[in-house]
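**Student:** I would like to see how this sequence folds:
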Amino acid sequence: MRTFEYLKPTSLKEALELLERYGEKAKLVAGGTDVMVLWKKRAISPEYLISLRNVPELNFVAYDGGLKIGAATPLRTIELSPEIREHFPVITDAVSNLGSVQVRNSGTMGGNICNAAPSADSAPPMLVLGAKVAISGPDGERSVPITEFFRGPSKTVVGPREIVTHFSVPRPQPNTGAAYWKHTRRKAMDLPILGVACLISFQDDMKTCSAASIALGVAAPTPMRAYKAEAFLAGKIIDEATLDEAGAIAASEGSPRTTIRGSAWYRTEMIRVLVKRTGMMCRDRAKGAAGR
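**Tutor:** Below you'll find the predicted structure:
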């Protein structure tokens with residue numbers, strides 16, 4: 001029978017010390033919704049599991065115009081945060097459709113991001129928001145733009161002796177709307193066939209795009225930005241025709257593959273559809289926020 005020792009540090013300092021002591025024999029675990037699946041599949045066999053559940057420095061939501069989310073904060077806490085729902089609804093869009101309530105009570109944003117799956121629901125919203133990832137290790141703390149965080153499926157820039165501590169999201173520009181759409185075959189506990197996040201900032205006329213960000217999930221080996229489509233939108237009047245063209249450009253930037261959940265050609269077509277849909281949602285949300 002395979003066994004492991006379950007370690008429960010109560011501070012970030014203690015967690016880093018345990019990681020340094022046990023090295024490759026150890027695996028970090030927060031909610032366990034990904035790690036325990038891998039363990040049961042025998043994809044990993046750690047001798048030590050270092051739990052981050054009781055580390056207060058990793059479990060928090062702080063809003064002061066900008067936003068910070070601790071890496072071990074449960075997804076359900078993020079989902080129910082009134083500040084996030086009001087000021088960063090694109091994050092609420094993503095986490096409220098991630099698994100079941102039971103999964104969201106255990107799973108964390110840090111786990112979802114650090115697993116580095118192309119299908120990670122929380123990744124596209126954080127990409128369009130321009131988030132930064134704080135990482136602590138033996139040499140102190142460093143901050144990495146999330147656009148530079150993913151190296152490949154299940155691969156990130158986090159070193160073997162490092163821990164992701166929190167995510168920082170800057171205050172959105174005025175006249176900005178953002179939205180995420182998870183495309184699935186059913187609405188319950190399913191991984192996305194495709195995930196699309198869009199953020200559009202408008203000029204004072206609330207029609208002309210001053211800046212845009214578009215991020216795609218399950219469209220490449222890692223969650224990705226559609227930079228050409230973003231550049232196309234800058235300075236354009238945001239309407240259905242413009243977003244149709246932006247969707248076509250974004251579709252040309254992706255490189256989806258065929259899996260059991262969906263074929264490559266279907267994912268490519270749905271990028272076009274969902275860029276348009278989320279873009280219109282951005283326009284409506286920006287106008288709604290401006291009218292408050």
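
**Student:** can we go C-alpha only for contacts and neighbour counts from here?
**Tutor:** OK.

**Student:** would you list every one of the helices in the stretch 1-150 of the chain?
**Tutor:** Taking DSSP state H, counting those that start in this stretch as the test, the helices found in the stretch 1-150 of the chain are 12-22, 35-40, 75-80, 82-87, 89-95, 101-106, 109-114, 123-128.

**Student:** In contact with I91, which residues?
**Tutor:** Taking C-alpha atoms under 8 Å, 6 or more residues apart in numbering as the definition of contact, the neighbours of I91 are 79, 84-85, 122, 125-126, 180.

**Student:** roughly how far apart are it and W39?
**Tutor:** According to C-alpha to C-alpha, to the nearest Å, I91 stands 29 Å off from W39.

**Student:** Could you do L216 as well?
**Tutor:** In this structure, L216 and W39 are separated by 29 Å, where distance is defined by C-alpha to C-alpha.

**Student:** returning to what we had before: restrict the contacts of I91 to the buried ones and give me that as a PyMOL selection.
**Tutor:** To isolate the buried ones among these in PyMOL, judged by 16 or more other C-alpha atoms under 10 Å, type:
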select buried, resi 79+84+122+125+126+180
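
**Student:** Out of L216 and W39, name the residue with the larger neighbour count.
**Tutor:** For L216 versus W39, the count of surrounding residues by other C-alpha atoms under 10 Å is larger for L216: 34 against 14.

**Student:** which secondary structure element contains that one?
**Tutor:** Secondary structure from DSSP states H and E places L216 in strand 209-217.

**Student:** what pairs with that strand, and is each one parallel or antiparallel?
**Tutor:** Each strand pairing with strand 209-217, determined using DSSP bridges, is listed with its direction: strand 194-202 (antiparallel), strand 224-225 (antiparallel).

**Student:** ranking those by burial, who's on top?
**Tutor:** When you average the neighbours per residue for each of these (mean count of other C-alpha atoms under 10 Å), strand 194-202 leads with a mean of 29.
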